[in-house]
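Enquirer: got a predicted structure here, sequence first:
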Amino acid sequence: MEFKRWKNLGEIVPDYIEEFCNLYNEREEVLKEIEEFAKETKTPILLPSSAALLRLLVGIEKPKRILEIGTGIGYSTLNMFFASPKSKIVTVDSNRKRMEVAKSFFEKVGAPVKTVLSDGIEFLRELICREETFDFIFVDSVKSEYPFFNFKLQAVLSPEGVAVFDNVLFRGYVAGRRYDKRYERSINLLKFFFESIKDYPNSEKFLIPVGDGLLILKFCV
Ligand SMILES: C[S@@+](CC[C@H](N)C(=O)[O-])C[C@H]1O[C@@H](n2cnc3c(N)ncnc32)[C@H](O)[C@@H]1O
């Protein structure tokens, strides 16, 4: 199936490569349905190359507990669910409309995903108070909020956990591509985010130019 996305979402991997990947990456019918819905309604979802890598990672790690910040319409959530159906998945988004769409897709395939309608940072605060931890955390929300998520995430990530952040290369602007002044704030905050994780102890960092850029943080004790 041809994968056509609207312009300017991610420009690191050219469209024709993303489209080619999507022809070869096997996935369930419901995921193709979400892709169609996203295209028709211009709703952002993970790009094919990022979805494939996320799925591979979750499939290998088989985390017991997964936290997702930025459910959107549930595309990334279901990719993780299919990769590791036994994982307990909690996903949070502040957009009621999108969450309703996501829930309808979860129900369609009987995925027992726990959905939380909340601001991600507020929810992280709650998790910290409840001393809940997760083995795998996927963050796909507003890029300029990444530094703030990051500080709180550490408290809910288990000692050998993995955290994955999407859109970290922001169309390549973070890496030096010329950008419009209106993006400056987001770009500076993303740069601050990179600086803040650079010297984390007990962790390996992998910055991978798939989709719009994925950052993978793998902790070890
Ligand atoms: C790019 S979309 C997520 C796409 C989704 N991961 C997928 O692949 O289907 C980003 C989502 O983050 C949500 N979001 C942005 N800031 C947030 C915040 N502070 N707390 C919770 N959700 C947030 C938006 O409502 C939006 O649905």
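Expert: Looks like it arrived, so ask away.
Enquirer: please count neighbours and contacts with C-alpha atoms only from this point.
Expert: Will do.
Enquirer: which ones are touching the residue nearest to the spatial centre of the chain?
Expert: By Cα atoms, centre = their mean, the chain has its centre lying nearest to D140, at 3.6 Å. Shown in contact with D140 (Cα atoms under 8 Å, 6 or more residues apart in numbering): E68, I69, G70, T71, F165, D166, N167.
Enquirer: look up phi and psi at the residue lying farthest from the centre of the chain.
Expert: Distance to the chain centre peaks in the chain at K181, reaching 25.7 Å (criterion: Cα atoms, centre = their mean). Here is the backbone geometry of K181 (degrees, to the nearest 10): phi -50, psi -30.
Enquirer: most neighbours among the contacts of D140, which one?
Expert: Within those, neighbour counts (other Cα atoms under 10 Å) peak at T71, which reaches 29 neighbours.
Enquirer: pLDDT score for it?
Expert: Note on T71: pLDDT of 98.
Enquirer: so how far is N79 from it?
Expert: 12 Å (Cα to Cα, to the nearest Å).
Enquirer: just R178 next, same as before
Expert: With Cα to Cα as the criterion, R178 and N79 are 33 Å apart.
Enquirer: tell me which of the two has more neighbours.
Expert: Neighbours were counted for R178 and for N79 using other Cα under 10 Å; N79 has more, 22 against 10.
Enquirer: chain neighbours aside, what residue packs nearest to V156?
Expert: Using Cα to Cα, 6 or more residues apart in numbering and skipping residues adjacent in sequence, the residue nearest V156 is T133, 4.4 Å away.
Enquirer: against the ligand, how distant is the one you found?
Expert: 18 Å (Cα to the nearest ligand atom, to the nearest Å).
Enquirer: so that residue touches S158, yeah?
Expert: Yes - counting by Cα atoms under 8 Å, S158 is a contact partner of T133 at 5.7 Å.
Enquirer: each with direction, which strands does the lengthiest strand in the chain pair with?
Expert: Using DSSP state E, we find that the single longest strand of the chain is strand 157-166. The strands that strand 157-166 pairs with in its sheet are strand 134-139 (parallel), strand 214-219 (antiparallel) (by DSSP bridges).
Enquirer: make JSON lines from these and add mean neighbour count to it.
Expert: Converted to JSON lines, the strands paired with strand 157-166 look like this (neighbours: other Cα atoms under 10 Å):
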{"stretch": "strand 134-139", "mean neighbour count": "24"}
{"stretch": "strand 214-219", "mean neighbour count": "20"}
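Enquirer: alright, I will stop here.
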